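Asker: Fold the stuff below for me.
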Amino acid sequence: MSEVFGIHAVQSVLDSAPGRVRVLLVQKTRSDSRVQPLIDLARASGVRVEFVDRQRLDRRASGAHQGVVADCHDLEPVDEHELEQRWSQMSESRLLLILDGVLDPRNLGACLRSAGAAGVDAVLLPRRRSAPLNAAALKTAAGAAENLLIVEVANLARRLKWLQDAGVWIVGAAGEGEQPWSQGQFSGDVAIIVGGEERGMRALTRKHCDQVVHIPMAGGVESLNVSVAAGVLLFEAVRQRGSAHG
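Answerer: Numbers count the residues shown, from 1 in each chain. Predicted coordinates:
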């Protein structure tokens, strides 16, 4: 089980995946105009609502819960077979985000939030080198995770080869990339890869990239947070495509 907490995140999961919610816990002293719609939405979806002391919510949530915590079944990534099954159903100009070794749950959540905002078709996570989809990640994603196709990949290099064989152009991000991000080619079917917090993209991952770009830094800053870099690249793709994807 996992917890989704905070007004916006709870509303998102109730809107998009009410079946995941076992019970909505509401602070007894909260009955204002921001919380009442969540109570109404939960009840309309057949979700049990319990009114509890703040101390119980404090124990259940790992951050600011704003008086609401949804006790949920875990959000699990799908397997690669599901990606292959859905591939032909996606739009003609597919946009994918690949996270190669992002280990901090909050960074994962922030990347998912940007992916959701950019209309990404799928997010690929390596099975052995990725942060879990836990409460911290889902809180940071602010509801975006429930609407994304999140795929767990057993062998990233092999999956990248499959994507290239399917006509996907793969753009990686690295500080030593040959071209600035604005010269990245983001039309057609594209997968954007950002690496982990400490080491960036692995060497084997980079070998499968068709293009490697960098984001120029000023003021002595060496690099951007991985979630910020993902957002920059995703919305450059959106800009080049002329509108929000999807």
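
Asker: Helices of this protein, start to end?
Answerer: 7-16, 36-44, 54-60, 80-87, 105-118, 135-141, 156-165, 203-207, 226-241 (DSSP state H).

Asker: residues in contact with residue 77?
Answerer: 125, 133, 150, 151, 152 (Cβ atoms under 8 Å, 6 or more residues apart in numbering). C-beta: built from backbone N, CA, C; applies to glycine.

Asker: For the fourth one, give me its contacts.
Answerer: Taking Cβ under 8 Å, 6+ apart as the contact definition, residue 151 lies against 77, 78, 79, 80, 82, 83, 122, 123, 124, 125.

Asker: rerun that using 6 Å as the cut-off
Answerer: 77, 78, 83, 122, 124 (Cβ atoms under 6 Å, 6 or more residues apart in numbering).

Asker: wait, which of these is closest to residue 188?
Answerer: residue 122 (15.6 Å; Cβ to Cβ).

Asker: Does that closest one touch residue 96 like I think?
Answerer: Yes: counting by Cβ atoms under 6 Å, residue 122 does reach residue 96; the two are 5.1 Å apart.

Asker: which stretches of the chain have low pLDDT?
Answerer: Confidence mapping of the chain against pLDDT under 70 gives the ranges 1, 219-222, 243-246.

Asker: Break it into its domains for me.
Answerer: 2-72, 80-241 (automatic domain parsing).

Asker: which one is the residue positioned nearest the centre of the chain nearest to, not counting chain neighbours?
Answerer: For the chain, residue 112 is the residue whose C-alpha lies nearest the centre (Cα atoms, centre = their mean; 1.5 Å). Closest residue to residue 112 apart from its sequence neighbours, by Cβ to Cβ, 6 or more residues apart in numbering: residue 141 at 4.2 Å.

Asker: Also residue 135?
Answerer: Of all residues not flanking residue 135 in the chain, residue 3 sits nearest, at 4.6 Å (Cβ to Cβ, 6+ apart).

Asker: for that neighbour, what are its contacts?
Answerer: Contacts for residue 3 were tallied using Cβ under 6 Å, 6+ apart; they are 60, 61, 69, 135.
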